[in-house]
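A.B. asks: Provide a 3D model corresponding to the input given below.
(one chain, ligands or ions: 1)
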Amino acid sequence: MLLPYNEWRHVFKLDPAKDIEEDVLQAIATSGTDAIIVGGTDDITLDATLDLLMRLRRYPVAVALEVSELEAATMGFDTYLTPSVLNSGTLEHVIEKQVEALEEVGHMLAHADLVGEGYIVLNPDAKVAHVTQAKRLTDDTVIAYAQLADRVFRMPIIYLEYSGIYGDPKLVASVKKVLKQGRLFYGGGIDSGERAKEMSAYADTIIVGNIIYENLEAALATVAATR
Ligand code: 1GP
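C.D. replies: I've put the predicted structure just below:
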């Protein structure tokens, strides 16, 4: 059975802009992970997205598209995640791109499972931080953002994004404590079973990205460690 987003504990994120060998893809898809998110920050094309979707559909695992590039939005995914970068310095990455996307492809996704993600971007050196002009936040401000996303906007997913570096487990734990309804996603620098275990003690769902392309064995170890 394919799990819905609110039951995911472990997720691999694949970047359509990066090549992935068939045996690596197979190992990831059959690893026992709960879902695979297809998403990246730049150079996302429709062809690459469709190619990855087609290859992943051979395996019994939930596949979600993170709709960051309008031209890559296509049908066939189990879930559509719509990211809003809440601490972006520009409205473009909070609501404008999302409105533009829905104007274009909203009709196509009328019956799809569309789920909003409230991103809080916390690694100032990550590409996503540059692209969205993410504001630097103190820990107290991170908690306030999380409360806003969870309690006021009632977003289904609050995503602490450290992309490329390992974050602060204490801060993740503090955010988890204030959430009332949203699911806490954590992503960034999980490159071992130990780190997967540590973050999954606080976050509801951990997202593992880069390490897939660097060290498959270490990536696979994060699955078992989350259980
Ligand atoms: C990126 O949160 C994910 O969007 C995962 O981060 O690539 O650092 O694992 P890493």
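
A.B. asks: closest point of this protein to the ligand, which residue?
C.D. replies: Of all residues in the chain, Gly187 sits closest to the ligand, with a separation of 1.9 Å (C-beta to the nearest ligand atom). In short, each C-beta sits where N, CA and C put it, glycine included.

A.B. asks: now that residue: closest residue in space that isn't a chain neighbour?
C.D. replies: With C-beta to C-beta, 6 or more residues apart in numbering as the criterion, Gly187 has its nearest non-adjacent residue at 3.5 Å, and that residue is Ile207.

A.B. asks: specify the local secondary structure of that neighbour.
C.D. replies: In three-state terms, and counting by DSSP: H, G, I helix; E, B strand; the rest coil, Ile207 is strand.

A.B. asks: who's it bridged to?
C.D. replies: The partner list for Ile207 in beta bridges (DSSP bridges) reads Val11, Gly187.

A.B. asks: so Cys134 bridges to which residues?
C.D. replies: Just so we're on the same page, residue 134 is Ala rather than Cys. When bridges are taken as DSSP bridges, the partners of Ala134 come out as Ser88.

A.B. asks: correct me, but Ser192 touches Ala219?
C.D. replies: No. Contact status for Ser192 versus Ala219: not in contact, 9.5 Å apart, counting by C-beta atoms under 8 Å.

A.B. asks: higher neighbour count, the two?
C.D. replies: In this view Ser192 and Ala219 are compared by other C-beta atoms under 10 Å, and Ala219 has more residues nearby, 25 against 17.

A.B. asks: ok, the helix or strand containing the more buried one near the ligand or not?
C.D. replies: Mapping Ala219 onto the secondary structure by DSSP states H and E places it in helix 216-226. No. Helix 216-226 lies out of reach of the ligand by C-beta under 6 Å from any ligand atom, never closer than 9.0 Å.

A.B. asks: measure the residue lying farthest from the centre of the chain to Met75 for me?
C.D. replies: Counting by C-alpha atoms, centre = their mean, the extreme residue of the chain relative to its mean C-alpha position is His107, 23.7 Å from that point. Relative to Met75, His107 is positioned 11 Å away (C-beta to C-beta, to the nearest Å).

A.B. asks: now Lys13
C.D. replies: Lys13 sits 20 Å away from Met75 when distances are taken as C-beta to C-beta.

A.B. asks: Ser31 reaches Leu25, doesn't it?
C.D. replies: No. Under the criterion of C-beta under 8 Å, Ser31 makes no contact with Leu25, lying 10.6 Å away.

A.B. asks: please say which of those two ends up with more neighbours.
C.D. replies: With other C-beta under 10 Å as the criterion, Ser31 and Leu25 differ in neighbour count, and Ser31 comes out ahead with 21 against 18.
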